Every structure is written in structure tokens, then in C-alpha cells.
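K.L.:
got a sequence here, can you build the structure:
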Amino acid sequence: MKGRGEFRSDVAQEQITEESWRIFQIMAEFVQGFERLSSLQPCVSIFGSARAQKDGVNFELARVIARMLSDSGFTVITGGGPGIMEAGSRGAFEGTSPSVGLNIALPREQVPNAYQDVSLRFRHFFARKVMFVKYASAYVVLPGGFGTLDEFVEILTLVQTGKTRRIPIILVNSAFWRGLLDWFGNTLVAEGTIAADDMKLFQVVDEPQQVVDALFDHYSGRAITPSAEEAAVLMDL
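P.N.:
Residues are numbered from 1 along each chain as shown. From the prediction side, this is the model:
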């Protein structure tokens, strides 16, 4: 009869074996992302609520922004699902540059939208998040929930800490974001948990043309592709 220690050891070994094999699945997700996205630069990642309705203001705003970015030569990357993701994919699909969907397997199955020239599927959130960042020349963030906030704070953290290059981070719909940004300034800056200059890492706009202008203004004095130094940083993302 096995003692408890032996039983736990067997269970732990089974878990280690399963997790070790899962590494190959994770590697495969990274490889497919690197191979498909590396040739599609420059890219812009667009985020927003999966719950946005097709007749809503934010849905149309996302569609128009994505169409303008696509016609300006930017591959548009979204999460591949419904709501703002669908609006972004659709706008890019209607434009002249590729529409990319980074779809995620969820307990409640996410149905990929129909507007994807390149459709990748991920099981692991962290692998998917790397793809959003690694090839992005800008982040465009529309109103959304926890997932949208997660992506927004993720890119802020990476830029703030120097783990990725400085790119435009653009919040769309100032009325929606005002409360959060007031809290950033009145609480985080005031408490010293972020620096006042960290508030300059992003900008807030309301019109689609302002998004396009912000991108071209940012890259007016520099190449849109990463420099050799920036590329080296991205290798350690």
C-alpha cells in the first residue's frame, strides 16, 4: 500500500510530464505567429469590447478607424471575435491591407468573425498577447471591459519598463476613458505609484482621422520598423 508521499509523488510526476509535453504546443503557437505576422508589418493592434453592438457608435467608430488604417498601409490585428474585434476586422477587410485575427479558445467558444485574411488560433493567452505586442507599430484601444483594460495596461507596463519600444498608444472615446484617467492622475500619480510623465505614454482622441494623424506624427521623424536596438529588445519580450 502506497503512503501519501508516494501517491503525491506519482501525481506530481504525471503533472510534470503533461506540462512538459504542453511546451511543444506552446512553441507551435509562437512559431505560427512569428511565421505569419513577421511579413505583414507595419501592424496596428485594435482592442475593444466583444459585447459592442453592431448598431452602436463604438462599433462604427472601430470599423472606420480600421478601414482608414488599412488604406494607409497598416495591417490591422484584432482578437478575431465579435464586437469591436469584428468591427476592426471588417474595416481592415474592406481596406487595402490585411486583416489579422488572433483567435482564442475559450470555455464559452469564441466564434471567429468572417473578416480575416489571416486567422490564427491560440489556446494560451500569453502566447497570443506576445503577438499583439511584438509586431505592433501602434495600439488603438476602444471602450471595453477587463480584457481591453488588460491589454491597455500590459502595453503601458512594457513601454514604461523598457521591455518594448515606444509606440503610439491611443485611447478612443474620451468620455468613456475620463474616469479611469482621472484616477490615474489623482490617485496613482498623487501616491507616487506611477510618475507624472507616465501619463504621456498614451493619448486620447475621439475622431478616426486623429488616430491616423497620431501614427504619422509619431513616425514622422523615424522609421516605422524597429531599429536594430529595438529589435534586440523585442527578442526578449
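
K.L.:
quick one: contacts for the closest residue to Q53 other than its chain neighbours?
P.N.:
Residue nearest to Q53 in three dimensions, not counting chain neighbours: F59, with 6.3 Å by Cβ to Cβ, 6 or more residues apart in numbering. C-betas here are computed from N, CA, C, even on glycine. By Cβ atoms under 8 Å, 6 or more residues apart in numbering, the contact list for F59 reads 52-53, 83-84, 86-87.

K.L.:
please convert the buried members of those residues into ChimeraX selection syntax.
P.N.:
Applying 16 or more other Cβ atoms under 10 Å to these leaves a buried subset, and the ChimeraX line that selects it is:
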select :52,83,84,86,87
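
K.L.:
out of the contacts of F59, which is nearest to A66?
P.N.:
A87 (6.9 Å; Cβ to Cβ).

K.L.:
what helix or strand is that closest one on?
P.N.:
A87 belongs to helix 84-94 when assigned by DSSP states H and E.

K.L.:
please apply the same query to L171.
P.N.:
strand 169-172.

K.L.:
okay, now the sheet partners of that strand, with direction.
P.N.:
Sheet pairing of strand 169-172 (DSSP bridges) gives strand 136-141 (parallel), strand 203-205 (parallel).

K.L.:
any idea which of those is most buried?
P.N.:
Highest mean neighbour count of the strands paired with strand 169-172: strand 136-141, a mean of 24 (counted as mean count of other Cβ atoms under 10 Å).

K.L.:
the helix or strand following that one vs helix 84-94, what angle?
P.N.:
Per DSSP H and E, the first helix or strand lying C-terminal to strand 136-141 is helix 146-160. With axes from the mean of the first three to the mean of the last three Cα atoms, to 10 degrees applied, the angle from helix 146-160 to helix 84-94 works out at 70 degrees.

K.L.:
which strands and helices sit next to helix 146-160?
P.N.:
Using 3 or more Cβ pairs under 8 Å, 6 or more residues apart in numbering; DSSP states H and E, the elements in contact with helix 146-160 are strand 43-47, helix 125-134, strand 136-141, strand 169-172.

K.L.:
the same query, at a cut-off of 7 Å, please.
P.N.:
Helix 146-160 sits against helix 125-134, strand 136-141, with contacts defined as 3 or more Cβ pairs under 7 Å, 6 or more residues apart in numbering; DSSP states H and E.

K.L.:
residue ranges with poor pLDDT in the chain?
P.N.:
1-11, 107-110 (pLDDT under 70).

K.L.:
could you identify the longest helix within the chain?
P.N.:
Scanning the chain for the helix with the most residues, using DSSP state H, yields helix 4-37.

K.L.:
quick one: buried residues of that helix?
P.N.:
So, applying 16+ other Cβ under 10 Å, buried residues of helix 4-37: 29-30, 33, 36-37.

K.L.:
so which elements touch it?
P.N.:
strand 118-122, helix 125-134.

K.L.:
before we move on, the earlier item: would you tell me what helix or strand the residue nearest to Q53 is located in?
P.N.:
Assigned by DSSP H and E, F59 falls in helix 57-71.

K.L.:
next SSE downstream of that helix?
P.N.:
Following helix 57-71 in sequence, per DSSP H and E, is strand 75-78.
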